[in-house]
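>>> mind looking at a prediction? Sequence and model below.
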Amino acid sequence: MSPDTVASPGEFRRYRRFVSLFILSFVSIGSTYLLISVGVTIYRRQHAVPLGSPIGAVASIEELESCYEELSDVTLGLERHLENFHNLVAHYDFDEAQRWGDDRMFWLGQWRAAGDRCHFDKPRAGKTGKHWSELAVVHADLRDIESRYHQELSRFSKEQAPAMDRIRDRLDKISKQLTAEQDSSDVADARPSQQSEPGERHE
């Protein structure tokens, strides 16, 4: 190999410095992007963006229909959220409870966004006034239902979940004891068959 093709120690050090800076920059950018993504996700879960422009005091039929559809989506979201309630109560798990809390924050963001946009709490005159009042009742009832479920789950996690944990631990202990006794019984039953019968001759 000719001397021209051999990198000098200075060039090698510059190459290593370049690679180190490149890796450090890549890791820093990736970490920053991850943190921003997590922050945006948390913000969007807690601050849902309204689907349209705010509805004024004088609302059209089209605006009424859009708010009706938005409230229908909020209702469907609550139904999906509450589907996991009975499973969580029957088998309380911390990770599942954490996911429940995240879903709850997302739904509350949707509920608030619908209220901020449609202003269900503001009375409206005209032939659509009755429909707006009915939507306002639905909007308030949804929050009341969610709050009751959340309170019930919180009460269960404090009062009943520890008892359920003790029951599961006791059952696991009994299961291990039964397995150990069954294994001991199988070993005891197998021993006589390995002994010689009386009068049996050995070659």
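Yep, it's here. Nothing here was measured: the structure is a model prediction, and the numbers come from that model.

>>> state the mean pLDDT of stretch 181-199.
With pLDDT averaged residue by residue, stretch 181-199 scores 65.

>>> repeat for stretch 93-101
Here the average pLDDT along stretch 93-101 is 80.

>>> identify each buried residue in it, please.
Residues of stretch 93-101 classed as buried under the neighbour-count rule (16 or more other C-beta atoms under 10 Å) are 97, 100. Placement of C-beta: from N, CA and C, glycine included.

>>> show me the contact partners of that stretch.
Residues from elsewhere that reach stretch 93-101, judged by C-beta atoms under 8 Å, 6 or more residues apart in numbering: 81, 84-85, 87-88, 153, 157.

>>> now for these: which two are most distant?
Spatially, the most separated pair among the contacts of stretch 93-101 is His81 and Ser157, at 16.6 Å (C-beta to C-beta).

>>> if we can go back for a sec, quick one: which of the contacts of stretch 93-101 is nearest to Asp73?
His81 (12.5 Å).

>>> quick one: what helix or strand has that closest one in it?
Element membership for His81, per DSSP states H and E: helix 61-82.

>>> could you identify the helix or strand that succeeds that helix?
helix 85-90.

>>> show me what counts as buried in that following helix.
Leu88.

>>> repeat for stretch 100-113
100, 103-104, 106-113.

>>> domains for the protein, by residue range?
The record's domain parsing of the chain by automatic domain parsing lists 9-46, 61-171.

>>> quickly, which of those bottoms out on average pLDDT?
domain 9-46 has the lowest average pLDDT among those, namely a mean of 63.

>>> check the secondary structure at the residue nearest to His119 when sequence neighbours are not counted for me.
Excluding its sequence neighbours, the residue lying closest to His119 (C-beta to C-beta, 6 or more residues apart in numbering) is Ile55, at 5.8 Å. Assigned by DSSP: H, G, I helix; E, B strand; the rest coil, the conformation of Ile55 is coil.
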